[in-house]
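Visitor: What would the 3D arrangement of this be:
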Amino acid sequence: MAWTKREIIFFTIFSTIVTVLYELLNLKWLQLPLAPIGLIGTAVAFMVGFQNNAAYDRIWEARKIWGGIVNTSRSLIITVKDSFYMHRSEASKDESEIIKVITNRHIAWLTALRYALRAKKSWEGSYEDMHKRKTLSYNIPEYKTTLEEEMKPYLSEEEFEYVMSKDNKPNAIINLQSKHLRRLTDEKRLWDFTLLNLQQMLKELTELQGKAERIKNFPYPKQYGSIGYHFVHIFMWLLPMAIIPAFAGLGVEIAKVNPWFGTYFVWFNIPFTVIVIWVFNTMLRIGLAGENPFEGSPNDVPISNIARGITRDILQIIEEDPENIPPPFENINHIEM
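Guide: Numbering: from 1, shown residues only. Coordinates of the predicted model:
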């Protein structure tokens, strides 16, 4: 209801004005035949249904992508941790430090990726809408701190400067990770077979990143979105004038049995009209809200919480001190980001 409160109030007033003009001022010409408006409503329903279906596909694909990132991230760190202990090399004194470096670098990748997916695009509206409000009804971590602040603790100074110099920062971190693993193999700290396994996981992460970037950088086609928007609003503007003669006719029939109720029955078109308008407008808004599942609206994929959950999982896998494990992000109004 909060999504469409403004439209509900507006069209309640509009329907009331139409009814007052029709019934009290006797402007009986203020009506439209119901059949063509019904045809428009049918076309609008198909258009909005198509838009909602496409939006849901984008949301579901985005959620599957991050589900893949969760699984591959855990597998990567578990494999890295176990590979060192399985390898029979004399140069194994700093195993735990190497494991921690690789883990921290992966956390930096998660951080860079979620910031990249939250970056403002010209076709997205949630960021601007939120900053027009005096208070936020939910918490988006990427809008409160910078990438530099969040990522710097997980990289060396040299690596941090290297990553920040690149346009695609998550890709740069994957490149650093791959080079490090290759170097460890050359130093005989990892088996060649282990390297192939780890490289395959990095490839999977790169593919998942690319899929997420495709959703982020290619919006829902505007010709469909804009046409659906205009069709719904044309339908909502015409609907009150198409419904009122039907209620007036029913009122005449009802008056034969119950004169008082029949006289005022025409006014029942107002709540009925508002309900129909609310249904169509809500379906439109649901489709619009799901077009870009990473931008940060309440119904988007909660990539911040997912990334933080992965961070906590992999730090616990390497048995990091609990005091050094970041807490989950705060959820305001029970909305996960």
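Visitor: Count the residues that sit near residue 259.
Guide: 9 (other C-beta atoms under 10 Å). C-betas here are computed from N, CA, C, even on glycine.
Visitor: so what's it scoring on pLDDT?
Guide: Residue 259 is assigned a predicted lDDT (pLDDT) of 81.
Visitor: if I look at residue 209, how far off is residue 232?
Guide: According to C-beta to C-beta, to the nearest Å, residue 209 and residue 232 sit 35 Å apart.
Visitor: Which of the two has more residues huddled nearby?
Guide: Neighbour count, other C-beta under 10 Å: between residue 209 and residue 232, residue 232 has more, with 24 against 21.
Visitor: Next, count neighbours for residue 37.
Guide: Around residue 37 there are 18 residues (other C-beta under 10 Å).
Visitor: Which of the helices or strands spans the residue lying closest to it once chain neighbours are set aside?
Guide: Nearest in space to residue 37, with sequence neighbours left out and distances taken as C-beta to C-beta, 6 or more residues apart in numbering, is residue 242 at 3.8 Å. Element membership for residue 242, per DSSP states H and E: helix 222-255.
Visitor: what's the following helix or strand after that helix?
Guide: Per DSSP H and E, the first helix or strand lying C-terminal to helix 222-255 is helix 259-264.
Visitor: name the helices or strands packed onto that next one?
Guide: Packing partners of helix 259-264 (3 or more C-beta pairs under 8 Å, 6 or more residues apart in numbering; DSSP states H and E): helix 222-255.
Visitor: in what helix or strand does residue 84 lie?
Guide: helix 34-86.
Visitor: An error on my part: the question was meant for residue 105.
Guide: Judged by DSSP H and E, residue 105 forms part of helix 95-118.
Visitor: Mean confidence (pLDDT) on the helix holding residue 84, please.
Guide: Rounded mean pLDDT across helix 34-86 is 87.
Visitor: That helix vs helix 222-255, what angle?
Guide: Interaxial angle of helix 34-86 relative to helix 222-255 (axes from the mean of the first three to the mean of the last three C-alpha atoms, to 10 degrees): 130 degrees.
Visitor: let's number from 620 now, not from 1
Guide: That works, and once the first residue is 620, the last one we named lands at helix 653-705.
Visitor: Tell me the helices and strands packed up against helix 653-705.
Guide: Using 3+ C-beta pairs under 8 Å, 6+ apart, helix 653-705 is in contact with helix 714-737, helix 811-836, helix 841-874, helix 888-908, helix 922-936.
Visitor: quick one: which of those is nearest residue 946?
Guide: helix 922-936 (8.3 Å; C-beta to C-beta).
Visitor: So what angle separates the directions of the closest one and helix 811-836?
Guide: Here the directions of helix 922-936 and helix 811-836 differ by 160 degrees (the same axes, to 10 degrees).
Visitor: Which elements pack onto helix 922-936?
Guide: Packing partners of helix 922-936 (3+ C-beta pairs under 8 Å, 6+ apart): helix 653-705, helix 714-737.
Visitor: coming back round to it: can you pull the buried residues of the helix holding residue 724?
Guide: 714, 717-718, 720-737 (16 or more other C-beta atoms under 10 Å).
Visitor: now stretch 933-951
Guide: Buried residues in stretch 933-951, counted by 16+ other C-beta under 10 Å: 933, 934, 936, 937, 948.
Visitor: The fourth one and residue 731: what is the separation?
Guide: Residue 937 sits 20 Å away from residue 731, going by C-beta to C-beta.
Visitor: do the same with the first one
Guide: Going from residue 933 to residue 731 by C-beta to C-beta gives 16 Å.
Visitor: if we can go back for a sec, buried deepest among the helices and strands packed on helix 653-705, which one?
Guide: helix 714-737 (a mean of 21; mean count of other C-beta atoms under 10 Å).
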